[in-house]
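>>> Below are the sequence and a predicted model; questions follow.
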Amino acid sequence: LSACLPALKRAGAFKVLNVSSGLGSCSLAAHTRRAFGNIAATDLAYRSSKAALNMATALAALELGESHPQSCVVAFDPGWVATDM
């Protein structure tokens, strides 16, 4: 995302949509004994990467929102997706 920031700042209106996961929520992980049912608390790499994506999205939204109020920067959780992970 940081590589795209200069181009986005020069653009008019734009949309940045990041596919994240609730598993990256620090708030949910901190306030539930066993967050998300059978998902192991040891999924550190996946959860950490999604938490980092959530933070990068939030900071980009703050930075770009002031100069481009007509634009949109969001992260969303599509819900459970059956994959071979």
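Structure's in. What do you need?
>>> so who does the residue positioned nearest the centre of the chain touch?
Closest residue to the average C-alpha location of the chain: residue 54 at 2.9 Å, with CA atoms, centre = their mean. Residues in contact with residue 54 (CB atoms under 8 Å, 6 or more residues apart in numbering) are 20, 24, 25, 75. Where you see a C-beta, it was placed from the backbone N, CA and C, and this is true even at glycine.
>>> Would you quantify the distance from the third one to residue 17?
Counting by CB to CB, to the nearest Å, the separation of residue 25 from residue 17 is 18 Å.
>>> Neighbour count: these two, which is higher?
Ranked by neighbour count (other CB atoms under 10 Å), residue 25 and residue 17 place residue 25 first, with 19 against 11.
>>> Verify the contact between that one and residue 51 for me.
Yes. At 7.5 Å, residue 25 counts as touching residue 51 under the criterion of CB atoms under 8 Å.
>>> Got the confidence number for residue 51?
On pLDDT, residue 51 comes in at 93.
>>> quick one: contacts for it?
Neighbours of residue 51 in contact, by CB under 8 Å, 6+ apart: 24, 25, 26.
>>> How about the lowest-mean-pLDDT helix or strand in the chain, which residues are buried there?
Scoring the helices and strands of the chain by mean pLDDT, DSSP states H and E places helix 26-31 at the bottom, with a mean of 75. Neighbour-count burial for helix 26-31 flags residue 29 (criterion: 16 or more other CB atoms under 10 Å).
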